[in-house]
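Engineer: for reference, the sequence and a predicted model appear below.
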Amino acid sequence: MRIPSWWLPDGVEPSALWLLASRMLRGFADGYVAVLLPAYLGALGFGVVQIGLLGTLTLAGSAVATIAVGALGHRFAASRLMLAAALTMVATGLGFAGLHAFWPLALVAFIGTLNPSSGDVSVFLPLEHARLARAAEGSGARTALFSRYALCGGLSAAVGALASAWPAWWSAHTGGSALDAMRAMFVLYAAIGALVALLYRGFIAHEQRTHAADAAGRVANPDAPQPLGPSRGIVLRLAALFCIDSFAGGLLVNAMLALWLFQRFGLSLSAAGQFFFWSGLMMTASQLLAPVLARRIGLVNTMVFTHIPASLFLISASMASSLPAALALLLLRSVLSSMDVPARNAFVMAVVTPPERAAAASFTAVPRSLAAALGPRPHHRRRAARQRHPRGAAAGVRLAQDRLRPAAAGDVPPPSRRLIPLPAAFRTTTRSGVRS
């Protein structure tokens, strides 16, 4: 059966569909968990500092698991790592549904796959990114495929955010316990993990049939995963840059943003679900423009010139005195804030050699997880910080790092379209053949 080219661009293997379906399922689960998590933990009796600490532990645990994949993943079969990640997702959902004390939940948060942010910062990211890059031939196909991948995650996360209102609706219409309904959502999270495991099994079977000779060991696979080598320098520069960006992002994970809206403006859970639904839709729609914009002005310029106005909208939202004004400014930010995601992911995969892709995806994701993990906890240390300053500080940090992106990444479009001059030290050619 021929797959419509809108879903799979020319030059992309059909096996990528398994990963796109997995991203949709995980995005749906992450979408409702990010909104539901602070309400659920509050219903269990935890304070804002404890909620912030649990958010920190989820991101820190993701960082540890991701760096393990980057440093040691080449020693294990990728299929086993993917299935292990899916089964960990099952255990995470069951753990949050069944446990009530803080420290057992903290342990599950650190070891598990829970994602309190709007983006994918889990151990799934390097495993899937490396296989997506392998499934695409050429830079154009790779950027288009990563755009579809981000689209699947964004759309499903928006629907998931809307689904976060189900416990309140169920409690209001049946008289049942809202806490029990929220626990049921974590059981659903575990069920989605089981479905992801089944999708991975299908992807692995398809990959083994396609590369039967390599799987049997009769032909050496030149793209077999390896630790970082010739591309180490640019990967470390990109990792340092993403670290700055994600420290700001740690102040803005959906769970923390929802908590801020709950406390400052008294926003209800159902209203928060609707807001994050429309915000997710706007983020997703903007990502469809990323490949078109990247072809015209380059990958790095796409990242920079969409982030700057998004940061300005965020600063304005932090100063808003009314709920409608704050929500309107946050929605305007959503239109631009994620347009850099497919461009960033495609760029990382393009500037490293194929065997290094899994390690590169891990090492560029780890600083994002670690830096983001620093955001939620200080966010709740002082009551005044919850009111305004974290969002303004996050925007200021992102504005600063936007100016550093060209030098760190070095994506140079044609001279007539080069909008940002680059230092000569960064205008080199990588071993994968991409000018940087």
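Structural biologist: Sure, I can see it.
Engineer: how close does residue 332 sit to residue 28?
Structural biologist: Separation of residue 332 from residue 28 (CB to CB, to the nearest Å) stands at 25 Å. For glycine as for every other residue, the C-beta is placed from the backbone atoms N, C-alpha and C.
Engineer: who's more crowded, those two?
Structural biologist: residue 28 (24 against 18; other CB atoms under 10 Å).
Engineer: which strand or helix spans that one?
Structural biologist: If you go by DSSP states H and E, residue 28 is part of helix 16-43.
Engineer: buried residues in that helix?
Structural biologist: 16-42 (16 or more other CB atoms under 10 Å).
Engineer: quick check: mean pLDDT across it?
Structural biologist: Here helix 16-43 scores 91 as its mean pLDDT.
Engineer: following element in sequence after it, please.
Structural biologist: Moving toward the C-terminus from helix 16-43, the next element (DSSP H and E) is helix 48-72.
Engineer: where exactly do the helices run in the stretch 251-400 of the chain?
Structural biologist: Secondary structure of the stretch 251-400 of the chain, counting by DSSP state H, counting those that start in this stretch: helices at 254-265, 269-287, 290-297, 299-318, 323-337, 340-350, 357-374, 376-379, 383-387, 389-409.
Engineer: elements contacting the fourth one?
Structural biologist: Pointing back at helix 299-318 there. helix 290-297, helix 323-337, helix 340-350, helix 389-409 (3 or more CB pairs under 8 Å, 6 or more residues apart in numbering; DSSP states H and E).
Engineer: quick check: angle from it to helix 290-297?
Structural biologist: 120 degrees (axes from the mean of the first three to the mean of the last three CA atoms, to 10 degrees).
Engineer: how distant is helix 299-318 from the center of its chain?
Structural biologist: How far helix 299-318 lies from its chain's middle: 17 Å, per CA atoms, centre = their mean, to the nearest Å.
Engineer: just the CA trace of that helix, in CSV.
Structural biologist: Extracted in CSV, the C-alpha atoms of helix 299-318 (Å, rounded to 0.1, in the frame of the first residue of the first chain):
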residue,chain,number,x,y,z
LEU,A,299,18.2,26.0,10.0
VAL,A,300,19.8,28.2,12.7
ASN,A,301,18.2,31.4,11.5
THR,A,302,14.8,29.6,11.7
MET,A,303,15.5,28.9,15.3
VAL,A,304,16.7,32.4,16.2
PHE,A,305,14.1,34.5,14.5
THR,A,306,11.2,32.6,15.8
HIS,A,307,12.4,32.5,19.4
ILE,A,308,13.0,36.2,19.8
PRO,A,309,9.4,37.4,19.4
ALA,A,310,8.2,34.4,21.4
SER,A,311,10.4,35.5,24.3
LEU,A,312,9.0,39.0,24.1
PHE,A,313,5.4,37.7,24.3
LEU,A,314,6.4,35.7,27.3
ILE,A,315,7.9,38.8,29.1
SER,A,316,4.6,40.6,28.4
ALA,A,317,2.5,37.7,29.7
SER,A,318,4.5,37.7,33.0
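Engineer: tell me the mean pLDDT over it?
Structural biologist: pLDDT averaged over helix 299-318 gives 76.
Engineer: just name the shakiest helix or strand of the chain by mean pLDDT.
Structural biologist: helix 383-387 (a mean of 42; mean pLDDT, DSSP states H and E).
Engineer: which parts of the host helix or strand of residue 81 are buried?
Structural biologist: Element membership of residue 81 [criterion: DSSP H and E] is helix 78-98. By 16+ other CB under 10 Å, the buried positions in helix 78-98 come out as 78-79, 81-90, 92-97.
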